[in-house]
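Visitor: Kindly return the folded structure for what I paste below:
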Amino acid sequence: MQQIFAQELRFKADDGSDYPDWEEKKFSEYIKLYRGSSPRPIIKFTTKESNGVNWIKIGDTKNSKNYLIESVEEKITIEGSKKSRKVFIGELILANSMSFGKTYLLNIEGCIYDGWFVLREFEKFYNKDFIHQLLNSDFLQKQYKTLSAGGVVQNISSEVVYSTILLKPTLPEQTKIANFLSAIDQKINHCGSQLEKTQDWKKGLLQQLFV
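Guide: Below is the predicted model:
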């Protein structure tokens, strides 16, 4: 990833020709941020009812793999959802606190509180899988840390995010890069699953040995 985003490793078009040079502009030129919001006091709007709306918080990232959010721990009422920001399956959300600057893909719909930005209006510039990889790369993370005021818990404002520099290859090259990196992610997931099964097998053997 470091070689790709430093443009030391480049892909070629199907006919063997070189792709054009990449554009470099501010985040604000390519993507719009919309901040989440919370109904207050939140305790009045949380619910365990089946018709509750998924309440997506930073804490829900602990169960994510490859920056994919598929489940939540809490729900809010329909009334509460009207006071929040609705998000949908397939959208990208960026953490502005705690999980600091990481961008997650949603496999659920629901509402986000003000610890998140949802990224929109970028489709004519970016392949979603490519921008997801780019936003979680060292190239962006280093910019966030340089531009933001650090503390025990770091926070990034929309001004900080908008002032970062994004790289923009052509869409065909973005697709090739995204497919390449996604294939590696799939292999990592497969290896991780094998490792977990082997650890469980070892644990079972140990229990049998020492019973």
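
Visitor: Show me which positions of the helix or strand containing Leu166 end up buried.
Guide: Counting by DSSP states H and E, the element that carries Leu166 is strand 165-168. For strand 165-168, burial by neighbour count (16 or more other Cβ atoms under 10 Å) applies to 166-168. C-betas here are computed from N, CA, C, even on glycine.

Visitor: Check which residues of whichever helix or strand comes after that strand are buried.
Guide: Taking DSSP H and E as the definition, the helix or strand that follows strand 165-168 towards the C-terminus is helix 171-210. Of the residues in helix 171-210, those buried under the neighbour-count criterion (16+ other Cβ under 10 Å) are 173-174, 176-178, 181.

Visitor: next one: stretch 78-92
Guide: The neighbour-count check on stretch 78-92 (16+ other Cβ under 10 Å) flags 80-81, 84-85, 87, 91-92 as buried.

Visitor: And that stretch, end to end?
Guide: Using Cα to Cα, to the nearest Å, the span of stretch 78-92 from its first residue to its last is 22 Å.

Visitor: hang on, the earlier thing: among the buried residues of stretch 78-92, which one lies nearest to Glu49?
Guide: Checking the buried residues of stretch 78-92 against Glu49 with Cβ to Cβ, the nearest one is Gly80 at 11.5 Å.

Visitor: Just confirm the closest one is within a strand.
Guide: No: residue state for Gly80 (DSSP: H, G, I helix; E, B strand; the rest coil) corresponds to helix; a strand is not indicated.

Visitor: how near is it to Cys111?
Guide: According to Cβ to Cβ, to the nearest Å, Gly80 and Cys111 sit 8 Å apart.

Visitor: which neighbours do those two share?
Guide: Listed as contacting both Gly80 and Cys111 by Cβ atoms under 8 Å, 6 or more residues apart in numbering are Val53.

Visitor: picking up where we left off before, now the buried residues of strand 165-168 as JSON lines including pLDDT and distance to Phe100?
Guide: Rendered in JSON lines, the data for these read as follows (pLDDT from 0 to 100; distance: Cβ to Cβ, whole Å):
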{"residue": "Leu166", "pLDDT": "97", "distance to Phe100": "18"}
{"residue": "Leu167", "pLDDT": "97", "distance to Phe100": "21"}
{"residue": "Lys168", "pLDDT": "97", "distance to Phe100": "24"}
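
Visitor: Good, we can wrap up now.
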